[in-house]
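K.L.:
test case, fold it:
(chains A, B and C)
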Amino acid sequence: METLAVNEAALEALDQTVEITADEMDKPEFKFDKTVGSIHSENPRMVMRNVNVHYGEKQAIHDVSLDIGANEVIAMIGPSGCGKSTFLRCMNRMNDTIENCTVSGDIKLDDVNIYDKKQDVVTLRARVGMVFQKPNPFPKSIYENVAYGPRIHGLAGSKAQLDEIVRNSLERAGLWSEVKDRLDAPGTSLSGGQQQRLCIARTIAVSPEVILMDEPCSALDPIATAKIEELIDELRQNFTIAIVTHSMQQAARVSQRTAYFHLGYLVEVGETSNLFTNPSHKLTEDYITGRFG
Amino acid sequence: MSSTTVFNSTTPHRDADAVNRRLKKRYAAERRFRLYGLLSVAAAITFLVILLSSIVANGLPAFQKTYLQLDITFDQNLLGIDDVSDSGQLISADYQRVVKEALKVKFPEVSDRRDRRALNALVSNGAAYQLAAMLKADLSLLNTSQSVWLYADDDVDTYFKGNIDRNIPESERRLKDKQFQWLDKLEAEERVKKSFNWTFLTAGDSREPEQAGIRGALMGSFYTIVVTLLLSFPIGVAAAIYLEEFAPKNRWTDLIEVNINNLAAVPSIVFGLLGLAVFINFFGLPRSAPLVGGLVLTLMTLPTIIIASRAAIKSVPPSIREAALGVGASKMQTTIHHVLPLAMPGMLTGTIIGMAQALGETAPLLMIGMVAFIVDVPGSFSDPATVLPVQIYLWADSPERGFVELTSAAILVLLVFLATMNFLAVLLRKKFERRW
Amino acid sequence: MQISTLLLILSLIVLGAYYLGLRRSLQVAGRPGKRKHTLHSLPSYYGLLAALWSGIPAALIIVFWVAAQNTVITRLVVDALPPEYIASVGADELTLVINDIKNLASGNIISGQSGPMMQAAAERYLHLQSISRLALAMVVIALAIAGMAVIWWRITPGLRARNQVEAIIKAALILCSTIAILTTIGIVLSVLFESIRFFKMVPFTEFAFGLDWSPQIAIRADQQASSGAFGVIPLFAGTLLISTIAMIVAVPIGLMSAIYLSEYADKKVRAIAKPLLEVLAGIPTVVYGVFAALTVAPFVRESGEWIGLSVASESALAAGLVMGIMIIPFISSLSDDVINSVPQSLRDGAYGLGATRSETIKQVVIPAALPGIVGGILLAVSRAIGETMIVVMAAGLAANLTANPLEAVTTVTVQIVTLLVGDQEFDSAKTLAAFALGLLLFIVTLCLNVIALHVVRRYREQYE
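P.N.:
Residues are numbered from 1 along each chain as shown, chains lettered A, B, ... in the order given. Have a look, this model is predicted:
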């Protein structure tokens, strides 16, 4: 357990990966020859085909294919351990940090394979930003939190430009009015909801094209959650967003398309309104109606 | 667990008396056990108290020193100075003779040669250096008469500190009856005083206890620790960063880990052998030099620093790393910009503790020749030098009573340094203790 | 040119390289505002890359040059001496002559006579030294500038400067982490080689099974090894005797203190007693040595005399007692860790049956923690065996094969110190014997440590 801290994410992911037992596979409703619904998008930004993810021997994602369209919010739902977070983390190669995690298949961002040897992960992550489950501001000032990304990517030529980026990002994250007088205060001194919006501001400060959100509201109270959801809707104007959520209501509120994952398989994808009102697959229906999850 | 009878279903009937008697016994055993524990703690603390108090009691007098006041005449002829502008002459002039003359004037009745020698022995050889320094600072003193406080001999010093008993037979003590008479006379005229022993802090080592000081050893320790710090801190931190953040889990990394843990428990003297064989005999580095001492201590303290630094890195939550990676920082940027600053207090604490260990270390330095008798205060990393703990060892081996005091006083100085460093480490830990 | 001046010049070049690399990257990227190309990395990385390329090879050259310089020059000077002169003096004397030449060159007083031949050699030495310095300076400066130039040429917007800089840093990190391994290899090789030379002079069986240890007899060169006795058994017995006494003192006190402090003591007592024990651990061994030699040894002797026993002034008992005191905090802190890691549920189980505290401790906690405690004790034994200063100052020099704690015995570490401190010829059996003892010490402590660490680790895993 020497690298306990580093591998915590891996272990968590492993915990969530449930082996499919033989008799589960035999159940009539458990059929996955093909994902139900259209995986395609009109104006695709990210195209994923036949993605498989293994943690060592265990397979966490089975042959998932999905498009994410420009300026759309796609929600990924499913019971815990269904692999939705793992799948999300493939999209900006955050899984690289986990030892013995292997990803196969095609994941393309604007027609470039992001798992190509030539692809620099750093530039990739600048283009595909990520917001995490728990707000994780750096233990630095609010200003430094937002300025860090632009700084390492050399996005600002001068202090004035950097100030502008910080202000702009905080405004777009709806946090500016609350913190403009105390930019020097530590980011950790904010409330949970504010911290999460700070993390969103930090992510959009590097002007990514896609933002991945891994259950961004699970650690927040309902009021803070509502603010973030509002924010997500606004951000859609400029960004493509993939959000993993536990809450079906949240998926219904913020997303245009929804993908339902089950035990590492993508069971069903569709227009959000459609999927919730009229699920095609038995498993989706069971989940939505609250039989499990 | 011990009393199966309680659960024995065949004897449901309990004899209340027997149970009570047993209970009494059990509680007595409980009290005894508790007492043993308390006694153990008390014993350990008593040892500490005895150790410290014996050192303090022995060492404090060394900070004082006895002076004798004599009327010195800087007689040009006696000194043998014919050219005042020649500084070489001023230094090599015969100051002993002037001191002897002053004693002769003070005690005209002493005429026997052996008595004279006994009389002269009351004043330290170091008095000559005192007078030389006086004259050099003020040439107008030449051919004048001055009342001067001179260093007393270490036996005289010991006597005035109450460590020579006049009642034991004359043949068994270092000072004879006649010497006591002279000292009594001086004391009656208030020509004896004790004052702070600056020599102890400003002089190098010496064969004479009253002229010996720890400055040489302190400077040696300083140079050695600087080398150790400059090498072990960056190397230790770098190694810890690699092992925690970058190293893949494989045999090689396991090997490094096992190695570090074992090195932490290898006897320090073995590191001395390594230093002797590798640094001195193989690479031909100078013996007795702080540079080599620092290299040896670096290898010795590295495991401590690496282990502490790894613990500090481990305590940085992974969410911080994810946050940085998420905005597109590279692994190296994440480590240098975020993990390292957050782990720094822990690393510094570990380093200070490692340095305190190095500062108190003796055995490996004996191997690389830092035990030589060195009078000069070292001025660079390659000058022959000794360090404070070795100086303590050397003094403890010297038979004169004066050195016993010096030993304890030097220990006090060493302990003060160590206490300060450990206190700093504790402060640092308290100040930056962070809970995520 | 002095090394320090050279280092200064080199750092200036490196700074310049940083600046030039940074400027170059901005230049190839085009003017601000209308950038022709986007740079792959931040400009500062291009600067860093240039600085590293100009600094690292040059610095490496300096290190190797300085390390080799002395040997090479000495060899050249010796080769230039008249061969018949070299033949006339032995190998031992030659080292003295070389020392004299060096002293003559640096203007010091020399021990031998300074003839014209010596003068010439000293001048040659100085001459070669100045040539070497000059050559080093030129090579280093040329290399630094070349490194900078190479990067200057290679800088294009597409150059992955950050990745390259990071690769270099990572290589440096890897290098640092291997130092632990290099140290171990260094220890093994240094003691092994000298020991092998020793065993060529003294048969291994005599060393391992001999009952006599008196290396000091070999004073004259023609007596070497022939009359000195190198039997390690009495040393080992002495070491074991003193370590045993130390453990008899330390184990009960340390263990019981740990138990008391972790199971009984209230917060206030713990807050005072624990740091005090830590103070005991932080006191340098030389201080314990002084304490043993000047306070405990006389006390033990006097109390022995008082009850009519004759006690040696450097008795094993005094050294062992003080060593035991030194080890108390070591045992108590290791036991404390181990006892604290015994799960509370085990204790609760015993309390639930109506066991008293001491019964719980004796019958549940200690058995559960036993492997960890044993591991800790093994580590403490290894420490006692390797402890040097206390025994050097308070134990004897003569090797007595005895189990009487009131007599003086000597230990392995004491002998290593006595053999190696002071003037020594490096090739005599006497000095080499110290390395053989070092090898023995290393192997014994290594075995103890490996076993102890293994036991403790297994124990920890059990309750994690």
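
K.L.:
show me where the stretch 51-200 of chain A has helices.
P.N.:
For the stretch 51-200 of chain A, the helices defined by DSSP state H, counting those that start in this stretch occupy A:84-90, A:121-127, A:142-152, A:159-172, A:176-179, A:192-204.

K.L.:
which strands and helices lie in contact with the shortest one?
P.N.:
Other elements packing on helix A:176-179 under the criterion 3 or more Cβ pairs under 8 Å, 6 or more residues apart in numbering or on different chains; DSSP states H and E are helix A:159-172, helix A:192-204. In short, each C-beta sits where N, CA and C put it, glycine included.

K.L.:
quick one: low-confidence ranges for chain B?
P.N.:
Scanning chain B with the threshold set as pLDDT under 70 gives B:1-14, B:433-436.

K.L.:
again, only using 50
P.N.:
The model of chain B has pLDDT under 50 over residues B:1-6.

K.L.:
what parts of it come near chain A?
P.N.:
On the criterion Cβ under 8 Å from any Cβ of the partner chain, chain A has as its neighbours in chain B the residues B:244-245, B:248-249, B:257, B:313-331, B:333, B:337-338, B:342, B:434.

K.L.:
again, only using 7 Å
P.N.:
By the rule Cβ under 7 Å from any Cβ of the partner chain, the part of chain B lying against chain A is B:244, B:249, B:314, B:318-320, B:322-323, B:325-330, B:333, B:338, B:342.

K.L.:
out of the helices and strands in chain C, which is least certain?
P.N.:
Lowest on mean pLDDT, DSSP states H and E among the helices and strands of chain C sits helix C:91-105, with a mean of 75.

K.L.:
distance of the residue of the stretch 201-350 of chain B found nearest chain C relative to residue C:390?
P.N.:
Across the stretch 201-350 of chain B, no residue is closer to chain C than residue B:267, which sits at 2.4 Å (Cβ to the nearest Cβ). Computed with Cβ to Cβ, to the nearest Å, the distance linking residue B:267 and residue C:390 is 12 Å.

K.L.:
settle it for me: which of these two has more neighbours?
P.N.:
A count of neighbours by other Cβ atoms under 10 Å in any protein chain shown puts residue C:390 above the other of residue B:267 and residue C:390, at 32 against 26.

K.L.:
what packs against the helix or strand hosting the more buried one?
P.N.:
Using DSSP states H and E, residue C:390 sits within helix C:389-394. Helix C:389-394 makes packing contacts with helix B:388-396, helix C:285-291, helix C:316-340, helix C:412-420 when contacts are defined by 3 or more Cβ pairs under 7 Å, 6 or more residues apart in numbering or on different chains; DSSP states H and E.

K.L.:
which residues touch that helix?
P.N.:
Contacts with helix C:389-394, where a contact means Cβ atoms under 7 Å, 6 or more residues apart in numbering or on different chains, come from B:362-363, B:393, B:396, C:242, C:285-286, C:288-290, C:292-293, C:297, C:314, C:318-319, C:322-323, C:326, C:411, C:413-414, C:417.

K.L.:
now these: which count as buried?
P.N.:
B:362-363, B:393, B:396, C:242, C:285-286, C:288-290, C:292-293, C:297, C:314, C:318-319, C:322-323, C:326, C:411, C:413-414, C:417 (16 or more other Cβ atoms under 10 Å in any protein chain shown).

K.L.:
ok, back up a step: remind me what the least confident helix or strand of chain C packs against, helices and strands.
P.N.:
Secondary elements touching helix C:91-105 (3+ Cβ pairs under 7 Å, 6+ apart): helix C:43-80, helix C:116-154.

K.L.:
how about these in CSV, adding mean pLDDT and distance to residue A:204?
P.N.:
Conversion of the helices and strands packed on helix C:91-105 to CSV gives the following (pLDDT from 0 to 100; distance: least, Cβ to Cβ, whole Å):
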stretch, mean pLDDT, distance to residue A:204
helix C:43-80, 88, 24
helix C:116-154, 89, 35
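
K.L.:
among the ones you listed, which is nearest residue B:169?
P.N.:
Residue B:169 lies closest to helix C:116-154 among the helices and strands packed on helix C:91-105, at 58.3 Å (Cβ to Cβ).

K.L.:
just checking, what packs against the closest one?
P.N.:
helix C:3-29, helix C:43-80, helix C:91-105.

K.L.:
report the secondary structure state of residue C:247.
P.N.:
For residue C:247, the secondary structure call by DSSP: H, G, I helix; E, B strand; the rest coil comes out as helix.

K.L.:
model confidence for it, exactly?
P.N.:
If you check residue C:247, the pLDDT there is 96.

K.L.:
show me the contacts for it.
P.N.:
By Cβ under 7 Å, 6+ apart, the contact list for residue C:247 reads C:380-381, C:384.

K.L.:
what about the closest residue to chain A within the stretch 101-250 of chain B, which SS state?
P.N.:
Relative to chain A, the nearest point of the stretch 101-250 of chain B is residue B:249 (6.4 Å; Cβ to the nearest Cβ). Per three-state DSSP, the local secondary structure of residue B:249 is coil.

K.L.:
leaving out sequence neighbours, find the closest residue to it.
P.N.:
Setting aside the residues directly before and after it, residue B:249 is nearest to residue A:99 in space (Cβ to Cβ, 6 or more residues apart in numbering or on different chains), at 6.4 Å.

K.L.:
so what's the residue count around that neighbour?
P.N.:
The burial count assigned to residue A:99 is 13, neighbours taken as other Cβ under 10 Å.

K.L.:
need the strands for chain A, in chain order.
P.N.:
Under the criterion DSSP state E, chain A carries strands at the ranges A:44-55, A:58-69, A:73-77, A:101-109, A:112-113, A:128-131, A:210-214, A:240-244, A:257-262, A:265-271.

K.L.:
and of these, who's closest to chain B?
P.N.:
Proximity to chain B, assessed across the strands of chain A by Cβ to the nearest Cβ, is greatest for strand A:128-131 (3.9 Å).

K.L.:
may I have the closest one exported as PDB, CA atoms only?
P.N.:
Backbone C-alpha positions of strand A:128-131 (Å, rounded to 0.1, in the frame of the first residue of the first chain) are rendered in PDB as follows:
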ATOM      1  CA  VAL A 128     -11.000  18.700 -22.500                       C
ATOM      2  CA  GLY A 129     -11.400  20.100 -19.000                       C
ATOM      3  CA  MET A 130     -12.700  18.300 -16.000                       C
ATOM      4  CA  VAL A 131     -14.700  19.200 -12.900                       C
END
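
K.L.:
who touches that strand?
P.N.:
The contact list for strand A:128-131, computed with Cβ under 7 Å, 6+ apart, reads A:91-92, A:94, A:109, A:199-200, A:203, A:206, A:208, A:210-214, A:216, B:326-327.

K.L.:
can you check stretch B:225-244 too?
P.N.:
Contacts to stretch B:225-244, defined as Cβ under 7 Å, 6+ apart, come from residues A:3, B:253, B:256, B:290-291, B:294-295, B:297-298, B:301-302, B:305-306, B:309-310, B:313-314, B:335, B:347, B:351, B:354-355, B:358-359, B:381, C:172-174, C:176-177, C:179-180.
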